[in-house]
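A.B. asks: have a look; sequence and predicted model below, questions after that.
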Amino acid sequence: MSVNVGTSLLFIAHDQWASAFNILEAINKFEIKEKIFFYSPTTNHYLNSFLPHLSNVTYIKDLSELKQLNQNQSFDVYNFNNSKKVLSEIEQLNFQNIYGFYSNYSKNRKYLSDWEAYLVSQFVNNPYNTISLTSIITNILKESLNPTLKYNYASEKTEIKFNRVFVSIDSYTEPRAKIFWINLLSELCSQFPRIEFHLLWSPQLQFLEKLATSQKNIKKIENLQETNETLNNSLLIGDNPLITYLTSTVSNHAFYIGRMNTVALEHFFSTSTRNTYHETDYSEKSLQKIGEDLKKFIESAGKETDWKSNSYSYSISQHLLAPKTKTWKIKSLNHLYRLSYHLFWYYYLKEEHINLQNVSLDYSESSQNFEYHIDMLTKIYNLMEHVITFSRKIKDLSDPQGDIIVQYYEFIQEIHNLLAIIVTECNQLKPLYNFFAYESLNFSDILVQRIAEKFMAKAFQVQPLISVIHDIFLSVAEKNNIRVNL
């Protein structure tokens with residue numbers, strides 16, 4: 001589906017402030033010709049200072065402001081907020097097309113794209129999600145707008161020249177981290193007196209006030225509008241999610257210091273081929289190691305290099321999303337499920353095949369537990385097979401009568417009930433149920449044959465996901481000498 005000529009675009013952020021930057025980051029990757037409106041239900045120091053200066057984005061403080069605008073022009077809405085309040089307001093405003101979350105898909109939407117289906121069924125409250133919101137938004141835009149990309153990150157050069165270091169520190173960082181940053185910045189300022197350290201300032205960073213005042217080569221940046229010149233050919237360091245957004249807007253190198261979950265890591269490395277991640281516990285030993293790596297990198301600036309730190313290799317190996325990793329060490333059963341979902345979704349959504357050459361268990365697992373989970377997967381696969389068989393019969397009928405229609409609807413309801421029972425017994429399979437149930441519960445059509453066709457298509461989508469998880473469980477059991485009786 002493509003937007004109409006002259007249609008304006010409205011982007012709605014999630015309640016968490018970081019999602020606003022995820023959206024802006026995705027938008028910034030494209031040359032979008034339509035007029036853009038932006039609404040975020042939460043406020044943030046960085047966001048408030050940044051949004052008013054985006055020339056192509058109009059900031060909406062309340063969705064009610066759109067009532068008058070909506071009378072004079074058409075809107076296509078990209079909604080990444082699933083709160084009841086926002087969903088209710090969207091439905092009342094009666095927009096042209098709605099992408100993402102919507103309370104009544106049968107009203108304004110005929111289908112969900114693959115990436116939208118992932119968003120609404122997998123992204124929220126799913127511990128096995130491994131794809132960042134920025135990646136999801138970017139791909140939804142590709143499917144709906146077909147816009148022109150601004151950047152080609154894969155072709156970035158590794159040559160780095162800079163004379164500034166841009167620092168962005170989380171305002172709400174923990175006490176140990178505050179001491180860590182004071183010591184690290186103090187050491188770097190003393191070691192490199194000719195390099196300017198531009199510190200993105202907020203009222204919560206008072207713990208750095210004394211250091212910022214005493215060091216001549218530290219400059220406080222009060223407003224993100226001031227960063228345009230600062231960011232060009234700068235090294236970015238910090239523990240603030242804003243770092244990832246900033247690396248996507250200009251060509252530079254980010255040196256993230258802190259902790260990231262797997263979703264954040266996937267996103268961090270997708271924004272630039274030159275990003276580096278250092279996991280830390282903020283200890284003295286960690287401070288010394290990171291300080292040494294930063295010094296080496298700053299000293300090598302301007303040289304063509306494919307610089308990687310030891311901390312990069314170590315920290316990434318602890319997560320599922322290690323680039324080009326073919327050896328997987330499983331820490332728990334939930335970890336195995338996370339890996340399984342990750343492999344499937346990357347194949348299904350991104351058409352990227354990840355070879356699983358070697359999987360080892362770093363914990364003890366019983367054959368009975370493996371058999372139980374494989375049995376549950378088999379039950380869901382067989383239920384999908386029944387959906388396909390019965391739906392195909394209904395789809396091929398030229399004129400289905402009332403009794404067969406009632407029978408089919410009762411059958412579908414029974415499938416949902418059985419899936420719900422399985423998920424209650426084995427909650428690791430809830431993403432499977434959500435993928436089938438979320439969209440199918442919103443199927444609405446006059447002809448039962450079309451509904452049957454949609455259910456059949458959805459069951460065909462679910463079966464490969466089950467097969468991937470099933471095969472990975474069997475492979476892990478075999479390679480780790482766990483006997484499974486099928």
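C.D. replies: The structure has been received and is ready for your questions. Numbers count the residues shown, from 1 in each chain.
A.B. asks: which stretch of helix or strand covers the nearest residue to residue 187 once chain neighbours are set aside?
C.D. replies: The shortest distance from residue 187 to any residue other than its chain neighbours is 5.6 Å, reached at residue 291 (C-beta to C-beta, 6 or more residues apart in numbering). The way it works is simple: take the backbone N, C-alpha and C, and place the C-beta from them, glycine included. Element membership of residue 291 [criterion: DSSP states H and E] is helix 284-299.
A.B. asks: by contact count, what packs against that helix?
C.D. replies: When contacts are defined as 3 or more C-beta pairs under 8 Å, 6 or more residues apart in numbering; DSSP states H and E, helix 284-299 sits against helix 175-191, strand 234-238, strand 253-258, strand 276-279, helix 310-316.
A.B. asks: ok, residues contacting it?
C.D. replies: Here helix 284-299 makes contact (C-beta atoms under 8 Å, 6 or more residues apart in numbering) with 165, 180, 183-184, 187-188, 191-192, 195, 235, 237, 255, 257, 276, 278, 280, 307, 309-311.
A.B. asks: try 7 Å
C.D. replies: With C-beta atoms under 7 Å, 6 or more residues apart in numbering as the test, helix 284-299 has contacts from 180, 183-184, 187-188, 191-192, 235, 255, 257, 278, 280, 307, 309, 311.
A.B. asks: so who does residue 92 touch?
C.D. replies: Residues in contact with residue 92, defined by C-beta under 7 Å, 6+ apart, are absent; none qualify.
A.B. asks: how close does it get to residue 66?
C.D. replies: According to C-beta to C-beta, to the nearest Å, residue 92 and residue 66 sit 11 Å apart.
A.B. asks: one more: residue 102?
C.D. replies: The gap separating residue 102 from residue 66 is 16 Å, by C-beta to C-beta.
A.B. asks: with residue 179 instead?
C.D. replies: As judged by C-beta to C-beta, residue 179 and residue 66 stand 46 Å apart.
A.B. asks: higher neighbour count, the two?
C.D. replies: It is residue 66, of residue 179 and residue 66, that has more neighbours when counted by other C-beta atoms under 10 Å, with 21 against 14.
A.B. asks: am I right that the more buried one is in contact with residue 60?
C.D. replies: Yes. Between residue 66 and residue 60 there is a contact at 6.4 Å, judged by C-beta atoms under 7 Å.
A.B. asks: returning to that earlier point: which of the helices and strands packed on helix 284-299 is buried the deepest?
C.D. replies: Mean neighbour count (mean count of other C-beta atoms under 10 Å) peaks for strand 234-238 among the helices and strands packed on helix 284-299, with a mean of 25.
A.B. asks: check which helices and strands that strand sits against.
C.D. replies: Using 3 or more C-beta pairs under 7 Å, 6 or more residues apart in numbering; DSSP states H and E as the contact definition, the elements that strand 234-238 packs against are strand 164-168, helix 242-249, strand 253-258.
A.B. asks: looking at those, which has the lowest confidence?
C.D. replies: For the helices and strands packed on strand 234-238, the stretch scoring lowest in mean pLDDT is helix 242-249; its value is a mean of 66.
A.B. asks: distance-wise, check the residue nearest to residue 187 relative to residue 211.
C.D. replies: As defined by C-beta to C-beta, residue 291 lies at a distance of 15 Å from residue 211.
A.B. asks: measure the residue nearest the centre of the chain to residue 348 for me?
C.D. replies: Centroid check for the chain by C-alpha atoms, centre = their mean gives residue 132 as the closest residue, at 1.1 Å. Computed with C-beta to C-beta, the distance linking residue 132 and residue 348 is 16 Å.
A.B. asks: let me see the ranges of the strands in the stretch 101-250 of the chain.
C.D. replies: 148-149, 164-168, 196-200, 218-221, 234-238 (DSSP state E, counting those that start in this stretch).
A.B. asks: kindly provide the whole-number mean pLDDT of the first one.
C.D. replies: This points to strand 148-149. Summarised as a single mean, pLDDT over strand 148-149 is 66.
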